[in-house]
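Undergrad: fold the stuff below for me.
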Amino acid sequence: MTELDSSREQLLIGAFVGLADTLVDDYDIIDLLDRLVRYSVELLSAEAAGILLADQHGTLRVLASSNEESEMVELLQLQAQQGPCVDCFNAVAPVSVSDLADASQRWPQFVASLHDGDYRSVHALPMRLRGEAVGGLNLFHRQPGALPDADLKLGQALADVATIGILQERAIRRGEVVAEQLQTALNSRVIIEQAKGVLAERGELSMDGAFDRLRNHARSRNQRLSELARQVVDGDIPLDDFIEAPTARRSPVGEH
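TA: Next comes the predicted model:
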């Protein structure tokens, strides 16, 4: 085993141990999925990752993303109702695009909306439950190229972890999706986005920087992200601690 392989193995072990530790107790689904997309970036050498989830009407919405740029690319697909992530969800099958520049005929509106600095290759993996898709895990790379089979399998495993994290045991056992639970996760995402906006405007921060501070504040106090976000939006918590806090990002690997 090479030194690189050994390092990746340790990273993989740390990721799944961290996710498993989170799942065995009462957990914050938004924080879990944030950890998962960040693990995906590190383990699969991607520049960004995101998770789409279907709401109770079957409409895809962004639930988690590793940065604002990848979230924008996700939103472009949803607006155009076409793209690798949309096809992945509809077909309940992986969709790998080695070079988006060659996909203009397949997804003309989506490809035309991309800018020069956007991602060049996308690999979308379904979040699946007994033949049905509830969402998708999407990996973004700035350089064109295929993803090795081993990486695709690992990415699918991470997508399956996301599915398990969202669905209750009874829902998995009965083969049903609990629409209320999915909607709760999506509603949590909305209030977190609002809180990010409040912190970004008040502290003159980027949206990524605002989310870092929100997430770190919640973790340091063992508080749910959605609960903290609602306090920020409702003005029930002083913002000085967020504004004056350092912006250093903590590595997700090894966090519990």
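Undergrad: now do the domain split for the protein, please.
TA: For the chain, the domain assignment from automatic domain parsing gives the residue ranges 3-167, 187-244.
Undergrad: format the ones you listed as CSV; extra columns: mean neighbour count and mean pLDDT.
TA: Where C-beta positions appear, they are placed from N, C-alpha and C, glycine not excepted. Shown next, in CSV, are these (neighbours: other C-beta atoms under 10 Å; pLDDT from 0 to 100):
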stretch, mean neighbour count, mean pLDDT
domain 3-167, 18, 86
domain 187-244, 17, 89
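Undergrad: what segments of the stretch 101-250 of the chain are helices?
TA: Taking DSSP state H, counting those that start in this stretch, the helices of the stretch 101-250 of the chain run over residues 108-113, 149-166, 169-174, 179-203, 207-220, 225-234, 240-244.
Undergrad: can you add distance to Arg142 and give these back as a markdown table?
TA: Listed next are the helices of the stretch 101-250 of the chain as a markdown table, based on distance: least, C-beta to C-beta, whole Å:
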| stretch | distance to Arg142 |
| --- | --- |
| helix 108-113 | 16 |
| helix 149-166 | 16 |
| helix 169-174 | 36 |
| helix 179-203 | 24 |
| helix 207-220 | 17 |
| helix 225-234 | 28 |
| helix 240-244 | 31 |
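Undergrad: out of those, which gets nearest to Leu129?
TA: helix 149-166 (5.9 Å; C-beta to C-beta).
Undergrad: from the middle of its chain, how far away would the closest one be?
TA: When distances are taken as C-alpha atoms, centre = their mean, to the nearest Å, helix 149-166 is centred 12 Å away from the chain's centroid.
Undergrad: output the contacting helices and strands for it.
TA: If you count contacts as 3 or more C-beta pairs under 8 Å, 6 or more residues apart in numbering; DSSP states H and E, helix 149-166 packs onto helix 3-23, helix 29-43, strand 121-129, strand 132-141, helix 179-203.
Undergrad: now those in CSV, please, with extra columns for distance to Leu225.
TA: CSV is the format used below for these (distance: least, C-beta to C-beta, whole Å):
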stretch, distance to Leu225
helix 3-23, 13
helix 29-43, 5
strand 121-129, 20
strand 132-141, 19
helix 179-203, 6
